[in-house]
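**Q** Quick one, what's the 3D model for this:
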Amino acid sequence: MFVRTKRVNNGGTVYEYLQIVETKRVDGRPRQRVIASLGRLDELVASGNLDELIRSFMAHSKTLKLVGDYRTGDLAAQADRVWGPVLVFERIWQELGLPDVLRQLAKGRQLSFDFERAIFAIALQRILAPGSDRAGARWVETVFANGFDKLRLQHFYRALQILWRGKDRVELALFRRDRTLFNQKLDLVFFDTTSLYFEGRGPEGLAALGKSKDFRYDHTQVVLGVVMRRDGTPISCEVWPGNTADVTTLTTIADALKKRFNIEKVVVVCDRGMVSKKNLQHLEDHGYGYIVGVKMRRLIEVRDQVLRRSGRYRVVKDNLHTKEVLVDERRYVVCFNPEQAKKDAMDRDAIVASLRSKLAAGGVKRLVPNRGYRRFLRIAKETCSIDEQRIKDEALFDGRYVLRTNTEIPADEVALAYRNLIWIERHFRDLKTLLETRPIFHHLVKDNVKGHIFGCWLALYLVVTLRQRLEAIDAKVEWNDLIRDLGQIRAIEVTLEGQRFLMRTDLAGCAHVAFKAAGVKPPPLTQPLSAAAPAVAQV
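**A** Now for the predicted structure:
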């Protein structure tokens, strides 16, 4: 099959027509058959249709590429930038309605840059190349996205201040949108805190020494609290000075939920670090339900009454059994994991066996400072012996944890709701490892620090949304592999015979899964640069 030029004489004027011709052998002799007539050559060239037709054919070729006359130097590449993640995350960004919300925040401000583009760049950088804003100003030069080429370092600093001051409006817009589309009734919310430390002094009144969850007690820090839905979608975040105690943050967040989001009924689920008698009383006084973990060893009521109460466990799952216990109208749910109980018993037996061996060898002084050993020792002035009763008492805690709730939710559902805290723990790991929120390099301006953290929160929102969509299509892919393969999709700008083109590299690995989950399809392999745009059509 080939292209043939056919000349036609029309009243003394000769025209050339392009035809696609097929050659076959009939009765042993070659015969040609016209498959299609493409039209007059001069008209095809003048309209540009010939070039489009050739590019269409080449898009289906496994061996040909857009190279032109490479040997004569007619093809030159000007830029090679990351494109894949932009195509996926910008689709989600747009569907969340964030461009409109951010443009409203910037309305009336005399800004010399595109505020919405700056915030998208900040969020995307946190996902793809976490680092300082100074590094981000260089990073945007490596990404093919609308408006990124005009952003400068000072724009990021200014954008962070505006972003934090408009935080409540952004959170409320996202909350209303998600509630309207996916979650008409908000019942369970999950809350936890973490600490983020500074490299350097940090802003006065915000950075302070406190209980560091990074074990960096020599650094000042801030405390970050995040509220999420039961599906892991972030609702809001709050930032407090680094010396704020966890137990004082719960009531602040609970009051904000009711006031800002107009939530009629909500059950707060949080870990035992949030629990205090004052906090629980505040939640009850203001009509909030709660499901909280309690400290089994420190609370006498739990240790001596709840855990020792007889009763049969109900099997929820293979590794989760539950039992409900009431103590003076206070409702507890005891959760038991048989597999964990076996492990706890084996670990304790190993410690005790080692302890007996060391005591027999006379190494008492070395045992006392060791907390793992000391809890099983009875220490007198000059003697040290095994505390057999303590060993028996410890067996009471094997594979168990205790929850307290003021709701009427069945015990099984209470236990399952609490186990969903793994969502928030997973996303805190995203914030602190994948997004590398810490350490914080802003030093002097409070709003810059808080804006930096909220930019990470927006990045987390994008990550959670894409993960939910991946789960919706039952895609089993590793997150790091997905981001790596998306990053391999590049936008290459080339010049061919004086005309500029944009070329896209092929999809590799699991990149196609991200496009499917986000509801987009890849742009053409080649297109004139003047018509190229990072946004793509919906599948």
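**Q** Can you classify V8 as helix, strand or coil?
**A** strand (DSSP: H, G, I helix; E, B strand; the rest coil).
**Q** who does it bridge with?
**A** Here V8 sits in beta bridges with Y15, going by DSSP bridges.
**Q** Can you give me the distance of it to S37?
**A** 11 Å (Cβ to Cβ, to the nearest Å). Every C-beta, even on glycine, is put in place using the N, C-alpha and C of the backbone.
**Q** what residues are shared contacts of those two?
**A** Y17 (Cβ atoms under 8 Å, 6 or more residues apart in numbering).
**Q** Can you give me the domain boundaries for the chain?
**A** Here the domain parsing of the chain from automatic domain parsing is 2-64, 167-324+403-444, 339-397.
**Q** Strands of the stretch 351-500 of the chain, residue ranges please.
**A** Here the stretch 351-500 of the chain has its strands, by DSSP state E, counting those that start in this stretch, at 377-379, 384-386, 400-405, 490-496, 499-504.
**Q** picking that back up, among the domains of the chain, which is the most enclosed?
**A** Of the domains of the chain, the one with the most neighbours on average (mean count of other Cβ atoms under 10 Å) is domain 167-324+403-444, at a mean of 18.
**Q** check contacts around R134.
**A** Counting by Cβ under 8 Å, 6+ apart, R134 has contacts L153.
**Q** Please identify the helix or strand for it.
**A** helix 133-139 (DSSP states H and E).
**Q** residues of that helix that come out buried?
**A** 133, 136-137, 139 (16 or more other Cβ atoms under 10 Å).
**Q** In TSV: those residues, plus distance to V223 and pLDDT.
**A** Formatted as TSV, the buried residues of helix 133-139 follow (distance: Cβ to Cβ, whole Å; pLDDT from 0 to 100):
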residue	distance to V223	pLDDT
D133	22	75
G136	25	81
A137	29	86
W139	28	90
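**Q** Going by distance to V275, which of those residues wins?
**A** D133 (37.6 Å; Cβ to Cβ).
**Q** Check the gap between the closest one and A254 for me.
**A** Applying Cβ to Cβ to D133 and A254 gives a distance of 33 Å.
**Q** So which helix or strand of the protein has the lowest pLDDT on average?
**A** Lowest mean confidence among the helices and strands of the chain (mean pLDDT, DSSP states H and E): helix 364-367, at a mean of 58.
**Q** shaky segments in the stretch 101-250 of the chain?
**A** Confidence mapping of the stretch 101-250 of the chain against pLDDT under 70 gives the ranges 179-187, 200, 214, 247.
**Q** Spell out, range by range, the helices that occur in it.
**A** 115-128, 133-139, 153-165, 167-181, 249-261 (DSSP state H, counting those that start in this stretch).
**Q** Looking at these, which is nearest to L87?
**A** Here helix 115-128 is closest among those (Cβ to Cβ), at 11.4 Å.
**Q** could you give the angle of that closest one to helix 153-165?
**A** 90 degrees (axes from the mean of the first three to the mean of the last three Cα atoms, to 10 degrees).
**Q** can I assume L111 is in contact with Q161?
**A** No: L111 is beyond contact range of Q161, at 11.4 Å (criterion: Cβ atoms under 8 Å).
**Q** all strands in the stretch 201-350 of the chain, in order from the N-terminus.
**A** With strands called from DSSP E, counting those that start in this stretch, the stretch 201-350 of the chain shows them at 221-229, 234-241, 267-270, 289-293, 314-317, 320-327, 330-336.
**Q** and F261, which of these is closest to it?
**A** Among the strands of the stretch 201-350 of the chain, strand 234-241 sits nearest to F261 (Cβ to Cβ), with 7.4 Å.
**Q** Surely T465 touches R91?
**A** No: in this structure, T465 is not within contact of R91 by Cβ under 8 Å, at 10.3 Å.
**Q** export the domains of the chain to TSV and tack on distance to F515?
**A** Below are the domains of the chain laid out as TSV (distance: least, Cβ to Cβ, whole Å):
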stretch	distance to F515
domain 2-64	17
domain 167-324+403-444	21
domain 339-397	40
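**Q** Just put the helices of the stretch 101-250 of the chain in CSV and tack on distance to R229.
**A** CSV is the format used below for the helices of the stretch 101-250 of the chain (distance: least, Cβ to Cβ, whole Å):
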stretch, distance to R229
helix 115-128, 20
helix 133-139, 29
helix 153-165, 22
helix 167-181, 8
helix 249-261, 11
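**Q** between these, which one is nearest to R31?
**A** Taking those one by one with Cβ to Cβ, helix 115-128 is closest: 58.0 Å.
**Q** Which residues outside the host helix or strand of L18 are in contact with it?
**A** Using DSSP H and E, L18 sits within strand 13-26. Strand 13-26 has contacts (Cβ under 8 Å, 6+ apart) with 1-8, 30-42, 44, 50.
**Q** Ignoring the adjacent residues along the chain, who's closest to V21?
**A** R4 (4.7 Å; Cβ to Cβ, 6 or more residues apart in numbering).
**Q** backbone phi and psi for that neighbour, please?
**A** phi -120, psi 140 (degrees, to the nearest 10).
**Q** Just grab the bridge partners of it for me.
**A** Q19.
**Q** That one: what's it in contact with?
**A** Contacts of R4 (Cβ under 8 Å, 6+ apart): 18-21.
**Q** Can I get the strand holding L18 as PDB, trimmed to CA atoms?
**A** The C-alpha trace of strand 13-26 is given here as PDB (Å, rounded to 0.1, in the frame of the first residue of the first chain):
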ATOM      1  CA  THR A  13      -4.500  23.300 -16.100                       C
ATOM      2  CA  VAL A  14      -2.800  20.300 -14.600                       C
ATOM      3  CA  TYR A  15      -3.800  19.400 -11.000                       C
ATOM      4  CA  GLU A  16      -2.200  16.800  -8.800                       C
ATOM      5  CA  TYR A  17      -4.300  14.500  -6.600                       C
ATOM      6  CA  LEU A  18      -3.200  12.200  -3.800                       C
ATOM      7  CA  GLN A  19      -4.400   8.700  -3.700                       C
ATOM      8  CA  ILE A  20      -3.900   5.700  -1.400                       C
ATOM      9  CA  VAL A  21      -3.400   2.700  -3.600                       C
ATOM     10  CA  GLU A  22      -3.200  -1.000  -2.800                       C
ATOM     11  CA  THR A  23      -1.300  -3.500  -5.000                       C
ATOM     12  CA  LYS A  24      -2.500  -7.100  -5.200                       C
ATOM     13  CA  ARG A  25      -1.700 -10.100  -7.400                       C
ATOM     14  CA  VAL A  26      -4.600 -11.300  -9.500                       C
END
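**Q** And the next helix or strand past that strand?
**A** strand 29-40.
**Q** Summarise which helices and strands that next one is packed against.
**A** strand 13-26 (3 or more Cβ pairs under 8 Å, 6 or more residues apart in numbering; DSSP states H and E).
**Q** Between strand 29-40 and the strand it packs on, find me the angle.
**A** Using the same axes, to 10 degrees: strand 13-26 against strand 29-40 is 150 degrees.
**Q** for strand 13-26, the distance to its chain's centre please.
**A** Taking Cα atoms, centre = their mean, to the nearest Å, the mean C-alpha location of strand 13-26 is offset from the chain mean by 58 Å.
**Q** cool, stretch 292-309 as well?
**A** The answer for stretch 292-309 is 36 Å, by Cα atoms, centre = their mean.
**Q** try stretch 463-483
**A** 10 Å.
**Q** Output it as PDB, nothing but the C-alphas.
**A** Extracted in PDB, the C-alpha atoms of stretch 463-483 (Å, rounded to 0.1, in the frame of the first residue of the first chain):
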ATOM      1  CA  VAL A 463      -3.400  12.500  47.600                       C
ATOM      2  CA  VAL A 464      -6.400  11.200  49.600                       C
ATOM      3  CA  THR A 465      -8.800  12.000  46.700                       C
ATOM      4  CA  LEU A 466      -6.700  10.200  44.200                       C
ATOM      5  CA  ARG A 467      -6.300   7.200  46.500                       C
ATOM      6  CA  GLN A 468     -10.000   7.000  47.000                       C
ATOM      7  CA  ARG A 469     -10.600   7.000  43.200                       C
ATOM      8  CA  LEU A 470      -7.900   4.300  42.800                       C
ATOM      9  CA  GLU A 471      -9.800   2.200  45.400                       C
ATOM     10  CA  ALA A 472     -13.100   2.800  43.600                       C
ATOM     11  CA  ILE A 473     -11.700   1.200  40.400                       C
ATOM     12  CA  ASP A 474     -10.100  -1.600  42.500                       C
ATOM     13  CA  ALA A 475      -6.600  -0.500  41.300                       C
ATOM     14  CA  LYS A 476      -3.900  -2.300  43.200                       C
ATOM     15  CA  VAL A 477      -0.800  -0.200  42.700                       C
ATOM     16  CA  GLU A 478       2.000   1.100  45.000                       C
ATOM     17  CA  TRP A 479       1.800   4.800  45.500                       C
ATOM     18  CA  ASN A 480       5.500   5.400  45.000                       C
ATOM     19  CA  ASP A 481       5.400   3.400  41.700                       C
ATOM     20  CA  LEU A 482       2.400   5.500  40.600                       C
ATOM     21  CA  ILE A 483       4.100   8.800  41.200                       C
END
